[in-house]
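>>> Got a predicted structure here, sequence first:
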Amino acid sequence: MTKIAEMARRFRSEDEGAAMIEYSVLIGIVTVAAITMIIAVGGWVTTQWTTLDTNLPG
């Protein structure tokens, strides 16, 4: 009986470890996507401000 309990305990900890790895990968993907969007939007905003500055008189 103790062998079955030990196997069940090991399976549960392996499952939790796999879930933690999956969440870590998901957080990494979301972080990369957010950084990419911030860089892209930053470039667009810079272009818009430069265009506005060029077209304004003075």
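Here it is on my side, so go on.
>>> mind checking how far the strand or helix carrying Asp53 is from the chain centre?
Element membership of Asp53, judged by DSSP states H and E, is helix 2-55. With CA atoms, centre = their mean, to the nearest Å as the basis, helix 2-55 stands 2 Å off its chain's centre.
>>> Look up how far Ala19 lies from Arg12.
11 Å (CB to CB, to the nearest Å). Any C-beta I mention is one placed from the backbone N, CA and C, and that applies to glycine too.
>>> ditto for Thr36
Per CB to CB, Thr36 is found 26 Å from Ala19.
>>> just Leu52 next, same as before
Leu52 is 49 Å from Ala19, by CB to CB.
>>> repeat for Thr2
For Thr2, the distance to Ala19 - CB to CB - is 26 Å.
>>> Compare the two and say which is more crowded by neighbours.
For Thr2 versus Ala19, the count of surrounding residues by other CB atoms under 10 Å is larger for Ala19: 10 against 6.
>>> residues touching that one, list them.
Ala19 is in contact with no residue at all, counting by CB atoms under 8 Å, 6 or more residues apart in numbering.
>>> now swap in Pro57 and tell me
Counted by CB under 8 Å, 6+ apart, Pro57 has zero contacts.
>>> secondary structure class for it?
coil (DSSP: H, G, I helix; E, B strand; the rest coil).
>>> Show the backbone phi and psi for it.
The phi/psi pair for Pro57 (degrees, to the nearest 10) reads phi -70, psi 150.
>>> I'd like the distance between it and Gln48.
18 Å.
>>> What of Gly17?
47 Å.
>>> what's the burial count for Thr46?
Neighbour tally, Thr46, other CB under 10 Å: 10.
>>> Local confidence estimate at it?
With respect to pLDDT, Thr46 scores 96.
>>> Also Thr2?
Reported pLDDT for Thr2: 82.
>>> What of the one 5 residues further on?
You'll see Met7 listed with a pLDDT of 72.
>>> Quick check: the gap between it and Gly17.
16 Å.
>>> before we move on, what about Met37?
31 Å.
>>> Ser24: what's it in contact with?
Contacts of Ser24 by CB under 8 Å, 6+ apart: none found.
>>> Next, work out how far apart it and Trp49 are.
37 Å.
>>> likewise Ile21?
42 Å.
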